[in-house]
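J.: Pasting the sequence and the predicted coordinates here, then a few questions.
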Amino acid sequence: MTPSAPAISQIDLFADSILTDPYPTFTELRELGSVVHLPVNNVYALTRYDAIRAALADPATFSSRTIGFNPMVNEALQGTSLASDPPVHTELRAALTENLTPRALRGLKTRIDTKAEALVADLVAQGTFEAIDALARAFPLEVVADLIGFTGAARDNMLRWGQAAMEVIGPLNPRTLENFPIAGELYAWCAGVQAEDLAPGSVGRGIFDAEARGTIPPGTAGHIIHQYLGAGVDTTITALGNIVALFAAFPDQFDLVRQNPSLVPAAFNEVLRFWAPLHAWGREVTRDVEIDGVLVPAGSQVAILFGAGNRDPRHYDNPDAFLVERNPADHLSFGYGSHGCAGQGLARLEAHAVIAALATHAQRLDAAEPVRLPSNITRSIDALDILKVVPA
Amino acid sequence: MNIILDRPRCEGHGLCEEAAPALMHLDDDGELIIDVGDLPDDSTELAAARAAVRVCPVAALKLA
C-alpha cells in the first residue's frame, strides 16, 4: 500500500494557550492521526501511544541529534548523551547514570525520606502554604544540591538555570530568546567547574574523580553536571507540584493513598501519566519512515507529545480520569528505551518520599486554582496556594 | 519462550520485579537476577513476563 500524506493542523504547538492547557489540542491531534504535520512549527507531531513508544524504541530511525526545536540549542547540546545516538550514546549514558541508578542511590533513600517528612510535617503544621516555592521547588533543589555538592553561587542559581535550560529547547520564540543568556550562564559555569568547587564526598565530586581516573572521557565531568542540573531540576519540581495539585483536586483519590500506603508508587505513575512534565521533545527522522500508513520523509523534525500519548484511549481506559489505583507503569513521561529518563530513580525516590509524607500528615488539602505560566517545554504550576490543610 | 536480559542496558530500576516477582529479582547489589527465564508456551507466568518486558523503562528485557 502506498503511504498517504499526513493530516495537517495549523496550530502553533508553542502558543501560550496550548502550553498552559494542551489537553484539548492533544485530543484533536490524536483524532487526526498518529502523525500530524504542523506547518507553523515545521514538525511532525507524534500523538498516539503506540507510535510514540515505537519511535522512542528506534533510535536508528528517530535520532536524538535534534531533541530541541531550534538549531542553536541542538548545536550547544552536541556531545552530550541527551543529543547523541548509539554507539557514542552508550558510553556517555553509562558515565551519566553510574551515580544515578537505583543501586547507586540506595544510600540516599533514608536521607531523602527524612527530609521530605520534616518539610511536609512543618508545612502541615503551618496550616496554609504556597506549595510550589515551599515544597515543589525547595525539596528537589536541596536534594540535587546536596547530591552534586553545590555550594555558594551555583546553589543560588539552580532554579533559574534549570528553568532556562528547558525553556531554550523550544522554537525561536521570545521565551527561548529571553532564556538563552541565562542558559548560557549555566553552560559557562559547567564548562569551568572544577572538583574543588563541589562539596567533598558528593556525587559531583565523584564524577571528577572518575574523570581523573580515566573511567569517563576527559572533559565530560562538566557535561554530566550540566545534565544533572538542566534535566533534573525543573522536571522534578513540576512533578512534585503536580502531586500536591492533583491530591488537592481529587480528595477521594488522595484518601485511597492515605488508606493504603502501598499505592504510593502507583499514585506517582498516575500523576506522571495524567500531567506529563514535558510538553514536547524532538527527534530527527533519519530515513523515510511509514507510521500507521503515513509517510514521514527523511530529515523531518518530529515532536513527541508525551502527554497526548498518555491520554490515548487506545491504550488506557477512561484516560481523562485521575485514578491512583490504575498504576500505569508504562506511561510515557520518562520517555522509553535507550534515552529513557536517566534520573528516574532519583525522581521516584523524591516523589515517593513526598507522597508518603503528605499521606501521613495531611487528611485534606484545599487549594486555590493553580497558577500556570506558559513555558516552552516544561508544563508546570507556577504558584499553588494551599488555603487550608486538614491534618491527619 | 525465553526472557532475555540485555545486561549492559539494565540500570536496576526494578519495575520488572514488581511486575513479575516470581520470575526475577534484584539481588543485594541491585543486579537483576532472572530466576525463571525459560517459560513453556502454556505457562501461567507468561502474562507476568510480558508485563515485566513492557514496563522496563530502558528496554533491557525481551521475550523471544
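T.: Here it is on my side, so go on.

J.: residues near the closest residue to chain B within the stretch 101-250 of chain A, how many?
T.: Nearest residue of the stretch 101-250 of chain A to chain B: A:R103, at 2.6 Å (Cβ to the nearest Cβ). Where you see a C-beta, it was placed from the backbone N, CA and C, and this is true even at glycine. Using other Cβ atoms under 10 Å in any protein chain shown, A:R103 has 17 neighbouring residues.

J.: now A:G192
T.: So A:G192, with other Cβ under 10 Å, has 9 neighbours.

J.: can you check B:R9 too?
T.: Residue crowding around B:R9 was assessed by other Cβ under 10 Å; the count is 17.

J.: Okay, and residue 52 sits in which element?
T.: As the question left the chain open, I've gone with chain A. helix A:49-56 (DSSP states H and E).

J.: wait, chain B
T.: Using DSSP H and E, the element containing B:A52 is helix B:46-55.

J.: Which is the succeeding secondary structure element to that helix?
T.: Proceeding N to C from helix B:46-55, the next assigned helix or strand is strand B:61-63, under DSSP H and E.

J.: Can you tell me what sits against that following strand?
T.: B:M1, B:N2, B:I3, B:I4, B:L5, B:D6, B:C16, B:A49, B:R50, B:A52, B:V53 (Cβ atoms under 8 Å, 6 or more residues apart in numbering or on different chains).

J.: Now do the same for the most centrally placed residue in chain A: its pLDDT.
T.: With distances taken as Cα atoms, centre = their mean, the residue of chain A nearest its centroid is A:T235 (3.7 Å). pLDDT for A:T235: 97.

J.: Quick one: residues contacting it.
T.: A:T235 is in contact with A:M166, A:P277, A:L278, A:C341, A:G343, A:A347, A:T378, counting by Cβ under 8 Å, 6+ apart.

J.: Of the residues you listed, which fall within the contact range of chain B?
T.: With Cβ under 8 Å from any Cβ of the partner chain as the criterion, those include A:C341 near chain B.

J.: Which one (most neighbours) among the contacts of A:T235?
T.: Highest count within these by other Cβ under 10 Å belongs to A:P277, 26 neighbours.

J.: Next, work out how far apart the residue of the stretch 101-250 of chain A closest to chain B and A:H89 are.
T.: 21 Å (Cβ to Cβ, to the nearest Å).

J.: Got phi/psi on A:A7?
T.: Torsion angles at A:A7 (phi, psi; degrees, to the nearest 10) stand at phi -60, psi 150.

J.: can you list contacts of the helix holding A:I52?
T.: Contacts of helix A:49-56 (Cβ under 8 Å, 6+ apart): A:34-35, A:46, A:61-62, A:283, A:291-292, A:302, A:304-306, A:308-310, A:312, A:314-316, A:330, A:332, A:335-337, A:339-340.

J.: Just the buried ones from these, in ChimeraX syntax?
T.: To isolate the buried members of the contacts of helix A:49-56 in ChimeraX, using 16 or more other Cβ atoms under 10 Å in any protein chain shown:
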select /A:34,35,46,61,62,283,291,302,304,305,306,308,309,310,312,315,316,330,332,335,336,337,339,340
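
J.: The contacts of helix A:49-56 also near chain B: which ones?
T.: Counting by Cβ under 8 Å from any Cβ, the subset of the contacts of helix A:49-56 that neighbours chain B consists of A:D330, A:Y336, A:G337, A:G340.

J.: ok, now which ones touch the last one?
T.: To tie it back to what came earlier, the one meant is A:G340. Applying Cβ under 8 Å, 6+ apart, we find A:G340 in contact with A:L56, A:F334, B:P57, B:V58, B:A59.

J.: which ones are touching A:G206?
T.: A:G206 makes contact with A:N99, according to Cβ under 8 Å, 6+ apart.

J.: switch to 10 Å and redo it
T.: A:E98, A:N99, A:A104, A:I148, A:G149, A:A195, A:L198, A:A221 (Cβ atoms under 10 Å, 6 or more residues apart in numbering or on different chains).

J.: With distance to A:E185 and pLDDT as extra columns, can I get those residues in TSV?
T.: Shown next, in TSV, are those (distance: Cβ to Cβ, whole Å; pLDDT from 0 to 100):
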residue	distance to A:E185	pLDDT
A:E98	27	83
A:N99	24	83
A:A104	29	87
A:I148	16	89
A:G149	19	92
A:A195	21	92
A:L198	18	93
A:A221	19	90
